[in-house]
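Engineer: here's my sequence, what's the structure:
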Amino acid sequence: MTGVRRLNPGGSGGMTFGDRLREARRSAGLRQEELADRAEVSRATLSRLENDEIRHPWISTVLRLAGVLGRTVEELYGKKL
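Structural biologist: Have a look, this model is predicted:
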């Protein structure tokens, strides 16, 4: 179904992990390709994460993305882990 988003229990403001990741990337002034290169993930993986197509990303991936973006893992997940 187009336009339907999964709920992210415990998240803030109804935003999903992908929404928060995209917002953090844009706030950092990075294109997907730039963030993917810096975090050493494929652009396809980053796109899938931003579109909530990967439900349980590897923590190592999330840690690298958070580090490049200057955010905490908790900020990206929208809840205290």
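Engineer: just the mean pLDDT for stretch 33-40, thanks.
Structural biologist: Looking at stretch 33-40 alone, the average pLDDT works out to 98.
Engineer: please point out which parts of it sit buried.
Structural biologist: Residues L35, A36, A39 are the ones in stretch 33-40 that count as buried (16 or more other Cβ atoms under 10 Å). (Glycine included, C-beta is placed from N, CA and C.)
Engineer: likewise for stretch 19-29?
Structural biologist: For stretch 19-29, the buried set under the neighbour-count rule, 16+ other Cβ under 10 Å, comprises D19, R20, L21, R22, A24, R25.
Engineer: just the residues you listed: which are in helices?
Structural biologist: For these, membership in helices holds for D19, R20, L21, R22, A24, R25, with DSSP state H as the criterion.
Engineer: now do the contacts for the residue nearest the centre of the chain.
Structural biologist: Computing the C-alpha centroid of the chain and ranking residues by Cα atoms, centre = their mean puts L21 first, at 3.0 Å. Contacts of L21 were listed using Cβ atoms under 8 Å, 6 or more residues apart in numbering, and they are L49, E50, L65, L76.
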